[in-house]
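Got a predicted structure plus its sequence, pasted below:
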Amino acid sequence: MRNLRLALCVPALFFLVSLVPLAEGQEIKTIGAKEFSGLLAASKGKVVVLDFWATF
């Protein structure tokens, strides 16, 4: 059982580590309430998916 966990975790770890260089060049843009309202108004009649993330 331990070997199976190791066989599954090692490839997953290498995959995650390989994604790090892709994320380094990304820029995160934050918006305020007015900009958010404008985005929602522009999306009227369309499906909007909001994804909230939190770290504790």
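Structure's in. What do you need? Numbers count the residues shown, from 1 in each chain.

hey, which helix or strand in this protein has the poorest pLDDT?
Least confident element among the helices and strands of the chain, by mean pLDDT, DSSP states H and E: helix 2-24 (a mean of 68).

what's downstream of that one, the next helix or strand?
helix 33-42 (DSSP states H and E).

Please spell out which residues along that next one are buried.
Neighbour counts over helix 33-42 (16 or more other CB atoms under 10 Å) mark no residue as buried. C-beta coordinates here come from the backbone N, C-alpha and C atoms, glycine included.

Now do the contacts for Val49.
Applying CB atoms under 8 Å, 6 or more residues apart in numbering to Val49 gives no contacts.

On the three-state scheme, it is what?
When classified by DSSP: H, G, I helix; E, B strand; the rest coil, Val49 comes out as coil.

same deal with the one 4 residues further on?
Assigned state for Trp53: coil (three-state reduction, three-state DSSP).

Model confidence at it, what's the number?
With respect to pLDDT, Trp53 has a value of 75.

State the phi and psi torsions of it.
phi -120, psi 140 (degrees, to the nearest 10).
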